[in-house]
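Q: Provide a 3D model corresponding to the input given below.
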Amino acid sequence: MGLCEPHRNWSIEYTKDTLSQRQTSGKLCICPQLGKAMPRQDPLKVIFIAGYGRSGTTLLDIALGQQSGVFAAGEITALPRHVWREREFCACRNQVDACDFWRPVIDAWHHHQSPDTLDAHGRRAARLEWLFDPRRLFASIVAGKETRAYREGTSVLLHEIAAASGASVIVDSSKLPGRASSLMSIKGIEVFVVHMVRDGRGVAWSMMKPYRRSVEAGIQKELKPKPLWYTAARWFAVNLGTELVRARLPRKRSMRVRYEDFVADPEGTVRSILALVGQEYVSPDHGPEVMRPQHQIAGSRHRMQDEITINKDIGWTSQMPRWMQNVFTVLTAPLLVRYGYLASVPKKQKPERESDPRIPREVA
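A: Modelled structure (predicted):
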């Protein structure tokens, strides 16, 4: 049993975990109550951060989450895929099923979607959020049963997050352009795509570094080094896929952000993104230079820190062998040129001295 068509865009607020059953158009609609459920006049705004890994997407997610009226959720697609099942850690340092934010959200989702399960929704998402999935073309004409179930389950989850947080804007840093494309087809959701890019040579160098599994530190599995050619191919494909997704949106609903520009001016970047969704920037009480993670799920290990001070990560320019830089450049030149990374090749610099351990040195 799920939400009927008239109630799919309801704005819901919670006081108690109560349910009322309404008979509408011959269908049983389960509507959570928060005193009173009022129809949402406007679509729910979702800022979707798309791009490849190690490009600063989690840091940008956290930066946006410092703003009132914005809830930065992390990689939402990971919640039904593995975060809930594996009892992974929220940025609040509680396992997700013990988190005082995510536990009520998922309980409410199950009320809506019974007898569907979060695992089933996660498997559905994994199938339908592929980078280049031809089924999305047909779904835009006639949506099959699986696509309809995916859209309804995703819509309910996003609206439950909005209701529990009280935010009018949700940030989803799932990165996958296929997910962005899928979200754009859901009624009642207004998607704004922020394409996060980073110099691919820096990404490739970061991907070559291994990390041991440390669940409490936000590293859910062992990260093995990735070969240069692998990162080059995927960096090119994911960014190209994101370009295609942005082409389907009006210009006023998407923008590109370079990691290098973001770390140089975090406040300016956040201001620009908020303007995209019609929100005003308010300087956080703790200042714009410090970020405090809240309830982000999945994503970079940096979300598990109490505070983050953004700092440039340009060590690759001096540490990455020149031949590797040249090979990556040859393999990905069209996009490196498009994003302005070949306008001036950075010179070799002396390695930076280690500083405050809270400062992220490698982006994930």
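Q: how close does the residue lying closest to residue 203 once chain neighbours are set aside sit to residue 300?
A: Of all residues not flanking residue 203 in the chain, residue 54 sits nearest, at 4.9 Å (Cβ to Cβ, 6 or more residues apart in numbering). Every residue, glycine included, has its C-beta placed from N, CA and C. Noted for residue 54: a distance of 8 Å to residue 300, by Cβ to Cβ, to the nearest Å.
Q: Equivalent analysis for residue 195, please.
A: 18 Å.
Q: again, but for residue 110
A: From residue 110 to residue 300 the distance is 29 Å (Cβ to Cβ).
Q: Looking at those two, which has the bigger crowd around it?
A: Remark: of residue 110 and residue 300, residue 300 carries more neighbours, 27 against 14, as counted by other Cβ atoms under 10 Å.
Q: So what does that one look like in phi/psi?
A: When read as degrees, to the nearest 10, the backbone of residue 300 gives phi -60, psi 150.
Q: isn't it right up against residue 218?
A: Yes. Look at residue 300 against residue 218 with Cβ atoms under 8 Å: they come within range, at 7.1 Å.
Q: measure the residue nearest to residue 190 when sequence neighbours are not counted to residue 315 for me?
A: Closest residue to residue 190 apart from its sequence neighbours, by Cβ to Cβ, 6+ apart: residue 43 at 4.0 Å. Plainly put, residue 43 is 42 Å away from residue 315 if you go by Cβ to Cβ.
Q: more crowded one of those two?
A: residue 315 (16 against 13).
Q: gap between the more buried one and residue 339?
A: Distance from residue 315 to residue 339, by Cβ to Cβ: 20 Å.
Q: worst-scoring helix or strand of the protein, pLDDT-wise?
A: Lowest on mean pLDDT, DSSP states H and E among the helices and strands of the chain sits strand 19-24, with a mean of 30.
Q: Which parts of the stretch 251-364 of the chain are strands?
A: Applying DSSP state E, counting those that start in this stretch to the stretch 251-364 of the chain gives strands spanning 254-258, 290-291, 308-309.
Q: In JSON lines: those, plus distance to residue 96, mean pLDDT and mean neighbour count.
A: Converted to JSON lines, those look like this (distance: least, Cβ to Cβ, whole Å; pLDDT from 0 to 100; neighbours: other Cβ atoms under 10 Å):
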{"stretch": "strand 254-258", "distance to residue 96": "28", "mean pLDDT": "98", "mean neighbour count": "19"}
{"stretch": "strand 290-291", "distance to residue 96": "21", "mean pLDDT": "90", "mean neighbour count": "20"}
{"stretch": "strand 308-309", "distance to residue 96": "21", "mean pLDDT": "90", "mean neighbour count": "18"}
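Q: Using CSV, please lay out the ones you listed together with distance to residue 127.
A: Output for these, formatted as CSV (distance: least, Cβ to Cβ, whole Å):
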stretch, distance to residue 127
strand 254-258, 25
strand 290-291, 34
strand 308-309, 34
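Q: Between those strands, which one is closest to residue 172.
A: strand 254-258 (14.1 Å; Cβ to Cβ).
Q: Can you list the helices and strands that the closest one packs against?
A: strand 189-197, helix 266-276 (3 or more Cβ pairs under 8 Å, 6 or more residues apart in numbering; DSSP states H and E).
Q: how about these, which one is nearest residue 161?
A: Residue 161 lies closest, by Cβ to Cβ, to one member of these: strand 189-197, at 11.6 Å.
Q: I'd like the mean pLDDT over that closest one, please.
A: Here strand 189-197 scores 98 as its mean pLDDT.
Q: what comes into contact with the next helix or strand after it?
A: Next in sequence after strand 189-197, counting helices and strands by DSSP states H and E, comes helix 200-207. With contact meaning Cβ atoms under 8 Å, 6 or more residues apart in numbering, helix 200-207 is reached by 52-55, 225-226, 228, 230-232, 235-236, 259, 313-317, 319-320, 324-325, 328-329, 332, 335-336, 341, 362-364.
Q: Which among those count as buried?
A: 52-55, 226, 228, 231-232, 235-236, 259, 313, 315-317, 320, 325, 328-329, 332, 335-336, 341, 362-364 (16 or more other Cβ atoms under 10 Å).
Q: roughly how far out does stretch 302-315 sit from the chain middle?
A: 17 Å (Cα atoms, centre = their mean, to the nearest Å).
Q: Identify, out of the helices and strands packed on strand 254-258, the most deeply packed stretch.
A: strand 189-197 (a mean of 23; mean count of other Cβ atoms under 10 Å).
Q: That one to helix 266-276, inter-axis angle?
A: 150 degrees (axes from the mean of the first three to the mean of the last three Cα atoms, to 10 degrees).
Q: In the stretch 51-200 of the chain, where is pLDDT below threshold?
A: 134-142 (pLDDT under 70).
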